[in-house]
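Engineer: Got a predicted structure plus its sequence, pasted below:
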Amino acid sequence: MDLSTEYLGLPLKSPLVISSSPLAKDVDKVRQIEDAGAGAVVLHSLFEEQILIEEKQLNENLLQGTESFAEALNYFPELTRFHHGPEGYLAHISDIRSAVDIPVIASLNGISVGGWIDYARQIEAAGADALELNLYFIPTDPAVMGTQVEHMYTVLVKEITAKIKIPVAVKLSPYFSATANMLRRIDQAGAKGLVLFNRFYQPDFDLDRLEVNPRIVLSSSDELTLRLRWTAILSGQVHCDIAVTGGVHTSDDVIKTILAGARVAMMTSAVLKHGIPYIGDILSGVEAWMEKKGYSSVQDMRGILSMKKIAEPAAYVRSNYMKVLGSY
């Protein structure tokens, strides 16, 4: 079975990519990820706040008033715990790039242009094969309109893609009033890839202490259906590559993303749960299914269940809503 594919113009030996995670902080683990069969690895993110700290534009704002309101300290992470600051992150890219042959995709997490352009250039110079922009913004101000948020996104993508030569993928949420239009605008702004979708981590309430606590919950396969739907809708309607992330846990999940039209399936939670060798199990499962169904390559099966290729495209639109409710 030929598992090879192409993502962001980069040749990959398999469609399984390890998404941004703590695993990428360890060079030896990235080597193991390559040996297990992953097609590429996305490095852990360099956060916008780390760049601002480096430029000494945020430090006073973080510290101001914390003596009076001690609980304020809980809201901001101690950024020294993020072991790779901007300079260390660039050195880490170089180290990883020297250690493995699979494509290495750097990650920037934030929303404003700020120092991103300069660091995007430095990331390119450090040897990254591509850059993933992880746009994580929650507009809590009721005065901020959706058009403003969309404009911020497209301007950021245009600015960065115009300044660097390596391909740029954009990872963002599905929470737009016209999701298909917004994703096409990101495509038109210069992105070579769409990563569907970002996960917004939700805080919880501590009823004993009456506090709001941040928490992280690993994904499950139940989250995959949202990604599959939009991948299938967009397949053939955007020029850039589509990657699915969030909810990819099994070989069946990987197969579904390809059938929907994705170039790659991105996985982290399952590897954190089961270990790096689990990558090989996933790929073996994909090969077994391909052999059973008579597919000799990933390319042959890509997109056959996308909205443009199925007999009943209404399965992806409102009429399916009525059918589901009536079938319970």
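Structural biologist: The structure has been received and is ready for your questions.
Engineer: Low-confidence bits of this structure, can you list those?
Structural biologist: 48-85, 111-115, 318-324, 328 (pLDDT under 70).
Engineer: Okay, helices next: where are they in it?
Structural biologist: For the chain, the helices defined by DSSP state H cover 27-36, 48-54, 59-63, 86-99, 116-126, 146-163, 179-188, 224-234, 251-260, 269-274, 278-293, 298-301, 318-326.
Engineer: Next, the distance between the ends of stretch 102-116.
Structural biologist: One end of stretch 102-116 sits 25 Å from the other (Cα to Cα, to the nearest Å).
Engineer: picking that back up, is it possible to get TSV of the helices of the chain that adds mean neighbour count?
Structural biologist: (Glycine included, C-beta is placed from N, CA and C.) Output for the helices of the chain, formatted as TSV (neighbours: other Cβ atoms under 10 Å):
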stretch	mean neighbour count
helix 27-36	18
helix 48-54	20
helix 59-63	12
helix 86-99	17
helix 116-126	18
helix 146-163	16
helix 179-188	18
helix 224-234	22
helix 251-260	23
helix 269-274	17
helix 278-293	17
helix 298-301	17
helix 318-326	10
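Engineer: so which of the ones you listed comes closest to F197?
Structural biologist: Proximity to F197 (Cβ to Cβ) singles out helix 224-234 among those, at 6.1 Å.
Engineer: Does anything pack onto that closest one? Which helices or strands?
Structural biologist: Contact partners of helix 224-234 among helices and strands, from 3 or more Cβ pairs under 8 Å, 6 or more residues apart in numbering; DSSP states H and E: helix 179-188, strand 193-196, strand 241-245, helix 251-260.
Engineer: rerun that using 6 Å as the cut-off
Structural biologist: If contacts are counted by 3 or more Cβ pairs under 6 Å, 6 or more residues apart in numbering; DSSP states H and E, helix 224-234 sits against strand 241-245, helix 251-260.
Engineer: Run through who's touching that helix.
Structural biologist: Helix 224-234 is contacted from outside by 196, 242, 244, 246-247, 253, 256, 260-262, 306-307, 316, using Cβ atoms under 6 Å, 6 or more residues apart in numbering.
Engineer: Please apply the same query to stretch 214-221.
Structural biologist: Defining contact as Cβ under 6 Å, 6+ apart, one finds that stretch 214-221 is touched by 201, 203-204, 246-247, 249, 253, 269.
Engineer: among these, who's most crowded?
Structural biologist: The most crowded member of the contacts of stretch 214-221, judged by other Cβ atoms under 10 Å, is G247 (25 neighbours).
Engineer: That residue and A265: what is the separation?
Structural biologist: To A265, G247 is 10 Å away according to Cβ to Cβ, to the nearest Å.
Engineer: re the thing from before, could you redo the helices and strands packed on helix 224-234 as CSV and give each row distance to L234?
Structural biologist: Shown next, in CSV, are the helices and strands packed on helix 224-234 (distance: least, Cβ to Cβ, whole Å):
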stretch, distance to L234
strand 241-245, 6
helix 251-260, 9
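Engineer: of all these, which lies closest to A178?
Structural biologist: Between the helices and strands packed on helix 224-234, strand 241-245 lies closest to A178; by Cβ to Cβ that is 17.7 Å.
Engineer: Name the residues of the closest one that are buried.
Structural biologist: Of the residues in strand 241-245, those buried by neighbour count under the rule 16 or more other Cβ atoms under 10 Å are 241-245.
Engineer: Now flag whichever of those is closest to S20.
Structural biologist: T245 (8.8 Å).
Engineer: Excluding chain neighbours, what is closest to that closest one?
Structural biologist: Excluding the flanking residues, the one nearest T245 by Cβ to Cβ, 6 or more residues apart in numbering is M266, at 3.7 Å.
Engineer: and that neighbour, how many neighbours?
Structural biologist: Other residues lying near M266 total 30 when counted by other Cβ under 10 Å.
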